[in-house]
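> Can you look at this prediction? I've put the sequence above it.
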Amino acid sequence: MSLKIFEYGQEFPLESGKKLPNIQIAYHTYGELNADKSNVIWVCHALTANSDVFDWWPGLFGEEELFNDKEYFIVCANVLGSHYGSTNPLSINPETSEPYYLDFPQFTIRDIIHGHDLLAAHLGITEITTLIGGSLGGQQVLEWAASKTIKIHNLIAIGTNAFFSPWGIAFNESQRLALTADPSFYEKRPDAGLNGLKAARSMALISYRTYNAYGVTQVESDHDKTDQYKASSYQSYQGDKLVKRFNALSYWYLTKAMDSHHLGRSRGAVEEVLHGIQGINTLVIGIPSDVLFPPQEQEFIAKNIPNAEYYELHSFFGHDGFLIETKTLTQVIGNFLAKYNSKAEQLNLIQENE
C-alpha cells in the first residue's frame, strides 16, 4: 500500500495543444488483481486529496470496509498537477533543469483522464468494475465515462456536476485572487504564496460546509466576547492545515482544471453526452445542503444518463458530507452494487444453462 510512481517517458499532449515532455503519476493500489481482471475499483480523488484513499476515505475504504483489499484491486491515482507525487508546477522542467513554477502549462479534467488511461494500461487494466469519485473526483468519473476509453461496469458520482457552474467558478476565482494578492505567489520558490493559500482555503471551507454546521460547531458560550471568536480561529486553523501539506501553485492550477470541466466541450449538448453514457450501472448521489454542488446538478446528471439511479444524502455537513457520511454511503452503495451483482449472477446462470 505504499506510494508508487508510474513514469511515462514520452511526450504528453494536453487539450490546450501544449505538451509536457514527460509525466509521472503517483498512485496507490490495494489488494490483488484477480485472474480475469474483474475486481477493479478505481477511485478518483477530490481537489487537495492524495492517492492514499484508505487514509482520506475511511469508513468506505479500508481492510474491513465495503471496499476492501481482500475482495478488490483498488486503484487511486494522484491527479496531474497535484504535488503528492505526480507531475506538477514544482516538478523539474527538463528543458531548463529548474522547477516549472508558473511556466507549467494549464491542464484540464480531460488531461487528467488521459493520465488515468495511461496508468490503467500500465497496470494491465482493461475494464473497471466500479469507478467512484466525489467533487472534482466526480468530475473525473463522468469525464472518463463520457470519453469511452475504457469499459466501466458501475459508475458512482457524488456531489459533482456535468459542467462546472458559474457559481463554482466564482468561488474558485475568488480563491485565486487571494493567492495572487500574496506578493510572494509570483516568486520562484517552493513556498511561494502560502499566506494567499491560507486565505483561499478559508474561503473554500465556507463552500464545503453549511450555515447550520457553523452555528453548532463554532457557537460561542461567552456572550460577552467582542473578539477572538471560535469561527475565526477555526478558519485560521484550517488554512494553516492546508499550508502545511499543499502548495499554492498546485492549488491555483487545480482550481483552473476544475473550472475547465464541461462534458459538452467539442462534443455537443451536455444532455446528449450524458445520454451516450449507456450500458453502465450508474448511481448519482446529491447532498441537499451542498452549497458548492447543489443537488439540482446531480438530478440533471441522473435524469440524462439512461437508467441512472439518484439518491439524496442528507447531511449536516454540506459538500463535505461525501467524506463524512460513510455509514450511509456504505449502505446505499452496497445495496446498489449488490443489486447489479445479483443480476449479473442470474444472467451467468441462464447463459450456462442454455
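The structure has been received and is ready for your questions.

> Could you report the neighbour count for the residue nearest to Ile125 when sequence neighbours are not counted?
Distances taken as C-beta to C-beta, 6 or more residues apart in numbering place Val40 nearest to Ile125, at 5.5 Å, with adjacent residues excluded. C-beta here means a position set from N, CA and C on the backbone, and glycine is covered the same way. Applying other C-beta atoms under 10 Å, we find 25 other residues in the vicinity of Val40.

> Helices of the stretch 251-354 of the chain, start to end?
270-275, 295-304, 321-324, 326-353 (DSSP state H, counting those that start in this stretch).

> which one of these has the lowest average pLDDT?
Of all the helices of the stretch 251-354 of the chain, helix 326-353 carries the lowest average pLDDT, namely a mean of 74.

> which sections of this protein are below the confidence cut-off?
Filtered on pLDDT under 70, the chain yields the residue ranges 342-354.

> Go ahead and flag the most central residue of it.
Gly137 (2.0 Å; C-alpha atoms, centre = their mean).

> hang on, that one is in a helix, isn't it?
Yes - assignment of Gly137 by DSSP: H, G, I helix; E, B strand; the rest coil places it within a helix.

> Pretty sure it sits against His45.
Yes - shown here, Gly137 and His45 form a contact pair, counting by C-beta atoms under 8 Å, at 5.1 Å.

> So which of the helices of the stretch 251-354 of the chain is the most surrounded?
Counting by mean count of other C-beta atoms under 10 Å, helix 321-324 has the highest mean neighbour count of these, with a mean of 23.

> How far does that one sit from its chain's centre?
Between the centre of helix 321-324 and the centre of its chain there are 13 Å (C-alpha atoms, centre = their mean, to the nearest Å).

> For the spatially closest residue to Tyr253 that is not a sequence neighbour, give me its contacts.
Among residues not flanking Tyr253 along the chain, Gly81 sits closest, at 4.6 Å (C-beta to C-beta, 6+ apart). By C-beta atoms under 8 Å, 6 or more residues apart in numbering, Gly81 lies in contact with 87-89, 104, 107, 112, 250, 253-254, 257.

> sorry, back to before: among the helices of the stretch 251-354 of the chain, which is nearest Ser184?
Ser184 lies closest to helix 321-324 among those, at 30.7 Å (C-beta to C-beta).

> hey, C-alpha coordinates of stretch 34-49 in CSV?
C-alpha atoms of stretch 34-49 as CSV (Å, rounded to 0.1, in the frame of the first residue of the first chain):
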residue,chain,number,x,y,z
ASN,A,34,-7.8,-11.4,-10.0
ALA,A,35,-7.3,-13.7,-12.9
ASP,A,36,-10.0,-12.3,-15.1
LYS,A,37,-9.3,-8.7,-14.0
SER,A,38,-12.9,-8.2,-12.9
ASN,A,39,-12.3,-6.8,-9.4
VAL,A,40,-11.0,-3.3,-10.1
ILE,A,41,-12.3,-0.4,-8.0
TRP,A,42,-10.9,2.9,-9.3
VAL,A,43,-11.2,5.9,-7.1
CYS,A,44,-10.9,9.5,-8.4
HIS,A,45,-9.9,11.9,-5.6
ALA,A,46,-11.0,15.5,-4.8
LEU,A,47,-9.2,18.8,-5.1
THR,A,48,-6.4,18.5,-2.4
ALA,A,49,-6.6,14.8,-1.6
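
> Now that stretch: buried residues?
Using 16 or more other C-beta atoms under 10 Å as the test for burial, stretch 34-49 gives 39-49.

> Now do the strands in the stretch 1-150 of the chain.
Using DSSP state E, counting those that start in this stretch, the strands assigned to the stretch 1-150 of the chain run over residues 4-8, 12-13, 19-20, 23-30, 40-44, 73-77, 92-93, 98-99, 127-134.

> just the stretch 201-350 of the chain next, same as before
281-286, 309-312.

> Could you dump those into a markdown table and include mean neighbour count?
A markdown table is the format used below for the strands of the stretch 201-350 of the chain (neighbours: other C-beta atoms under 10 Å):
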| stretch | mean neighbour count |
| --- | --- |
| strand 281-286 | 24 |
| strand 309-312 | 16 |
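
> would you list these in CSV and tack on distance to Ala178?
Below are the strands of the stretch 201-350 of the chain laid out as CSV (distance: least, C-beta to C-beta, whole Å):
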stretch, distance to Ala178
strand 281-286, 28
strand 309-312, 33
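
> for the ones you listed, which one sits closest to Ala77?
That would be strand 281-286 among these, by C-beta to C-beta, at 21.3 Å.

> helices and strands around that closest one, which ones?
strand 151-158, helix 295-304, strand 309-312, helix 326-353 (3 or more C-beta pairs under 8 Å, 6 or more residues apart in numbering; DSSP states H and E).
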